[in-house]
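A.B. asks: Take this sequence and fold it.
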Amino acid sequence: MNNKKKSTVYDKHDNAYELTKRVGEGGQGIVCQTQLSGILVKILNTKNESAIKRWQKQLDWSLRQDLTGLNLALPKIQITKPRLGYVMELMDGLIPLQDVLEKSFSDLVDNHSIKQYIQTGGLKRRLQILLKVAKTLAKLHGRGYAYGDISPANIFVSEDSRYSEVWFIDCDNLCINEREGFTHIYTPGYGAPEVVKGDMGVNALTDQWSFAVMAFELLTHQHPFKGLHVEDGEPEVVEEQAYGGELPWVYDTEDESNESVGGIDLALVANENLSTLFNQCFTKGKTQPYERPSLNVWCAALQEALDHLLECPTCSSHYFTNLQSDDQTCPFCSTSVGKEHYAVLRQVIYLNEEDSQYTFNSSEGFIQTDNVRVVSNGMSLTFNSAPYNTELWFDSDENLTVTMTEGDIYFIPESHAVCCISRQNSSQVHQITHKQRIAAERRSATDPYEFTNWLKSDENKPEFVELLKTYRWQLA
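C.D. replies: Next up, the predicted model:
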């Protein structure tokens, strides 16, 4: 791109865009930064006239779609010369997810270290990114579309590892969910077996496969089908077998011929639920697309995984809480912590078939659920005014933050929200409208605090507020 003639392209209104840096490459073309802040250009990488006509038809269709409210960098205007492509807008401060993956992967391979894994956000940030990706895809599928070419090169995330903003680029491959995609476009390594073999175009089911591959790779730094068999075989032959779904996945319990030989152990970066979803997708889902977990299912599992994380005070890595024990040990540096370092919040719901009436300060009729969230020193949890881990939860706004500092718990409601809290065995109910501290010594397993929250604007819907009161969280 040093040659000015080759590095400058023009849209149909003759506006010039200087291609300054290649930032991504997918199955269909390259994506470049330009001299204009927040403006990217995708250049098509084919000269095949038939392929160009199909792409032109697809682009015209993409330009007409209304996908507001989703973090998609949609095509804005077509590039017409000297090569075909289109312009898209993307906020500054984002980099390809591929860059994050490569940075920590190189450190793992070259130095046998997870330092860069931690410095690029660790397990927590990776789960946050995957949750946002899954939520966007779930909403896209819910509107009747499929994305088509999911890969780390087509997803941009915050360059600053303290944040986890997520945007999709290369959105000209979108298609209507009920039909096949206009072509078999995919990034090698991420295409579903039926797409790789040319048996089917892209759809929501192929998106589910591509997401699972990317998620597994981001968490473990290994491809789910590139194990021992691939390492020992002829590169071109075995790689084709791996990408075509002809080999067992690296954690197949019934066939260890292609077992994992590198990366980070799955047990360290995926809890039981996530591991089950990976196994479901890469065993039955390999040949039976309808067996693949949906993106809504992934959302729930990723939220649960995030809510079970602890941060190690010594090495700053994140790991999953063992809910069967009070003492927790970091698997990366062996540092142990007790309950003074973290608190468990468990959801209870009102379920009394004999009596539909209840009062907030009564524990009768409430049962514990399997929904558990963990907060540790220096970390925080956010709560929405909707039943936890449901589609309503993911669609509603956060209005309460719970943090922990030196063992003390802080409740911080938003200015437009209300939080009600009481002891389980007390008749007093307190409404919190500003930051409130609960000292560590006041926490009790036998008489836990219980709380719920809602928006002030919801108070004109008393039945809805009463419903929310039947979903509580216990803080022991």
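
A.B. asks: For the rest of this, base every contact and every neighbour count on C-alpha atoms.
C.D. replies: Fine.

A.B. asks: how is this protein carved up into domains?
C.D. replies: Listed by automatic domain parsing, the domain ranges of the chain are 4-89, 94-305, 339-475.

A.B. asks: Let me know which of the ones you listed is tucked in deepest.
C.D. replies: Of all those, domain 94-305 has the most neighbours on average by mean count of other C-alpha atoms under 10 Å, namely a mean of 20.

A.B. asks: measure it end to end?
C.D. replies: 25 Å (C-alpha to C-alpha, to the nearest Å).

A.B. asks: got it, and stretch 443-454?
C.D. replies: Terminal residues of stretch 443-454 are spaced 23 Å apart (C-alpha to C-alpha).

A.B. asks: Repeat that for stretch 326-336.
C.D. replies: Stretch 326-336 end-to-end distance (C-alpha to C-alpha) = 10 Å.

A.B. asks: can you list contacts of that stretch?
C.D. replies: Leu268, Cys312, Pro313, Thr314, Cys315, Ser317, Tyr319, Thr321, Asn322, Val337, Gly338, Lys339 (C-alpha atoms under 8 Å, 6 or more residues apart in numbering).

A.B. asks: Narrow those residues to those in strands?
C.D. replies: Judged by DSSP state E, the subset of the contacts of stretch 326-336 located in strands is Tyr319, Val337.

A.B. asks: For Thr34, state which of the contacts of stretch 326-336 is nearest.
C.D. replies: Ser317 (36.6 Å; C-alpha to C-alpha).

A.B. asks: Quickly note the distance from the closest one to Glu272.
C.D. replies: For Ser317, the distance to Glu272 - C-alpha to C-alpha - is 19 Å.

A.B. asks: swap in Met200?
C.D. replies: In this view, Met200 and Glu272 are 32 Å apart by C-alpha to C-alpha.

A.B. asks: what does Lys115 give?
C.D. replies: Between Lys115 and Glu272 the computed distance is 25 Å (C-alpha to C-alpha).

A.B. asks: Next: Pro293.
C.D. replies: From Pro293 to Glu272 the distance is 15 Å (C-alpha to C-alpha).

A.B. asks: Okay, now the unreliable bits of the stretch 1-150 of the chain?
C.D. replies: 1-6, 26-27 (pLDDT under 70).

A.B. asks: name the element Asn296 belongs to?
C.D. replies: If you go by DSSP states H and E, Asn296 is part of helix 295-307.

A.B. asks: ok, residues contacting that helix?
C.D. replies: 124, 127-128, 130-131, 134-135, 137-138, 208, 270-271, 273-274, 277, 320, 371-375, 381, 389-391.

A.B. asks: Give me the subset of these that lies in helices.
C.D. replies: Among those, the members found in helices (DSSP state H) are 124, 127-128, 130-131, 134-135, 137-138, 208, 273-274, 277, 391.

A.B. asks: Distance to Glu246 for those residues - can I get that in TSV?
C.D. replies: Shown next, in TSV, are the ones in helices among the contacts of helix 295-307 (distance: C-alpha to C-alpha, whole Å):
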residue	distance to Glu246
Lys124	32
Leu127	29
Gln128	31
Leu130	26
Leu131	29
Ala134	26
Lys135	30
Leu137	27
Ala138	28
Gln208	18
Asn273	25
Leu274	23
Leu277	19
Glu391	35
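
A.B. asks: Can I get stretch 41-48 in CSV, CA atoms only?
C.D. replies: Taking C-alpha atoms only, stretch 41-48 is exported to CSV below (Å, rounded to 0.1, in the frame of the first residue of the first chain):
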residue,chain,number,x,y,z
VAL,A,41,-12.9,0.3,3.6
LYS,A,42,-13.3,-3.3,2.5
ILE,A,43,-11.8,-4.3,-0.8
LEU,A,44,-13.1,-7.3,-2.7
ASN,A,45,-10.4,-9.8,-3.5
THR,A,46,-11.8,-11.5,-6.6
LYS,A,47,-11.9,-10.6,-10.3
ASN,A,48,-14.4,-13.4,-11.2
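
A.B. asks: how far does that stretch sit from the chain's center?
C.D. replies: How far stretch 41-48 lies from its chain's middle: 29 Å, per C-alpha atoms, centre = their mean, to the nearest Å.

A.B. asks: Give me the three-state assignment for Gly349.
C.D. replies: Actually, residue 349 is Ile. It isn't Gly. Under DSSP: H, G, I helix; E, B strand; the rest coil, Ile349 falls in the strand class.

A.B. asks: In terms of pLDDT, where does it sit?
C.D. replies: In this model, Ile349 is scored at 88, pLDDT.

A.B. asks: sorry, back to before: centre of the chain to the helix holding Asn296, how far?
C.D. replies: 8 Å.

A.B. asks: try stretch 395-413
C.D. replies: That offset, for stretch 395-413, works out to 21 Å (C-alpha atoms, centre = their mean).

A.B. asks: mind starting the numbering at 10 from now?
C.D. replies: Happy to do that; since the first residue is 10 now, the last one works out to stretch 404-422.
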